[in-house]
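**Student:** show me how the following folds:
(one chain, ligands or ions: 1)
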Amino acid sequence: MTIKTKDQKINQNLNSLKKPVSSTKPLTNENYYSADQDWQYQSPTWFKKFMACEAEALAELKGDWTERGDPKALLVGNYLHSYFESQEAHREFINEHPEIIATSGKNKGHPKKEYQVADAMIATLKNDPKFQEFYQGDKEVIVTGKIGGIAWKGKLDCLPTNHKYFADLKTTQDIYKRFYLPDERRYGSFIEAYNYSLQMAVYQELVRQQYGVQAVPVIIAVSKQDPPDKAPVSIPQDLLDYWLERVKELQPHIEAVKNGEEEPKRCEHCDYCRATKHLTQIISLYDLIE
Ligand SMILES: [Zn+2]
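**Tutor:** Just a heads-up that it's a prediction; the model follows:
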């Protein structure tokens, strides 16, 4: 038996009064996208939002603003993802979204046009022998870790049991479409335009921390064309290394903005900035284009 000194007893009592160091609830598939977990963990999606416009991202994270993206495009993407997750997930998704079925027009009683396109996108992948072979393993795998001392979360579409690579399904209008990249003053692919390289770099690092291996990210791109196009796309390792370093460089300021220690910068171009703009000074015509 050990005899406790008075000091130890006092410390013990003080400790029992304190709240737990972290009241974090475990991250699960159910709460992965909750506001609570978005405050606890950084994620590629939120980091990219902060990179695009700190003011909009902070307002959205606080629940003061809702991003006006294209909800239909997001739903179609989720519909396709649920199919490749499991039969059960896909059934559940369809039950939760009765709006998939048209209630009027020529598709009445059948899936709306965009979901017929999504079904064609699903078919082109599931009927491809190489895809069947490649897309084997655990689905919707949550990975967590620390980058630059901050907790991060990620969700892998497919992680094979050998952990040699992981696959991410990306839907896009046209795999070969050129997007202007204003920061770099050049054209790039949809992967660069949506900065999926940053997302894959973070996922690779979280997989490395959790499983102790360097897995190769592969983007399975599938287009919304009729008939759909498809391609497995790799990202050069030096680009992945670049984005992981870039995240570490940009992160301290983003954290300070989230913690209210630094002012969020406004981009002055996004929906949020336009909706909350006040005229301040007269600008030169040369400032109107990037
Ligand atoms: Zn903005």
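
**Student:** can you check the pLDDT for the nearest residue to A193 once chain neighbours are set aside?
**Tutor:** Beyond its immediate neighbours in the sequence, the residue positioned closest to A193 (CB to CB, 6 or more residues apart in numbering) is F179, lying 3.6 Å away. Where C-beta positions appear, they are placed from N, C-alpha and C, glycine not excepted. At F179 the predicted local confidence, pLDDT, stands at 97.

**Student:** ditto for G69
**Tutor:** The model's pLDDT for G69 equals 76.

**Student:** Three-state assignment for it, please.
**Tutor:** coil (DSSP: H, G, I helix; E, B strand; the rest coil).

**Student:** what count of nearby residues applies to it?
**Tutor:** 9 (other CB atoms under 10 Å).

**Student:** that one and the ion, how far apart?
**Tutor:** According to CB to the ion, to the nearest Å, G69 stands 14 Å off from the ion.

**Student:** check contacts around the nearest residue to V216 once chain neighbours are set aside.
**Tutor:** Excluding the flanking residues, the one nearest V216 by CB to CB, 6+ apart is Y165, at 4.2 Å. By CB atoms under 8 Å, 6 or more residues apart in numbering, the residues touching Y165 are A215, V216, P217, V218.

**Student:** contacting residues around the residue most central in space within the chain?
**Tutor:** Centrality entry for the chain: nearest residue to the mean C-alpha point is T45, 3.5 Å, by CA atoms, centre = their mean. For T45, the contacting residues are Q199, by CB under 8 Å, 6+ apart.

**Student:** which SSE is it in?
**Tutor:** helix 44-52 (DSSP states H and E).

**Student:** what about stretch 226-243, average pLDDT?
**Tutor:** Across stretch 226-243, pLDDT averages out at 97.

**Student:** which parts of this protein are strands?
**Tutor:** 138-147, 150-159, 165-172, 179-181, 186-188, 216-223, 230-234 (DSSP state E).
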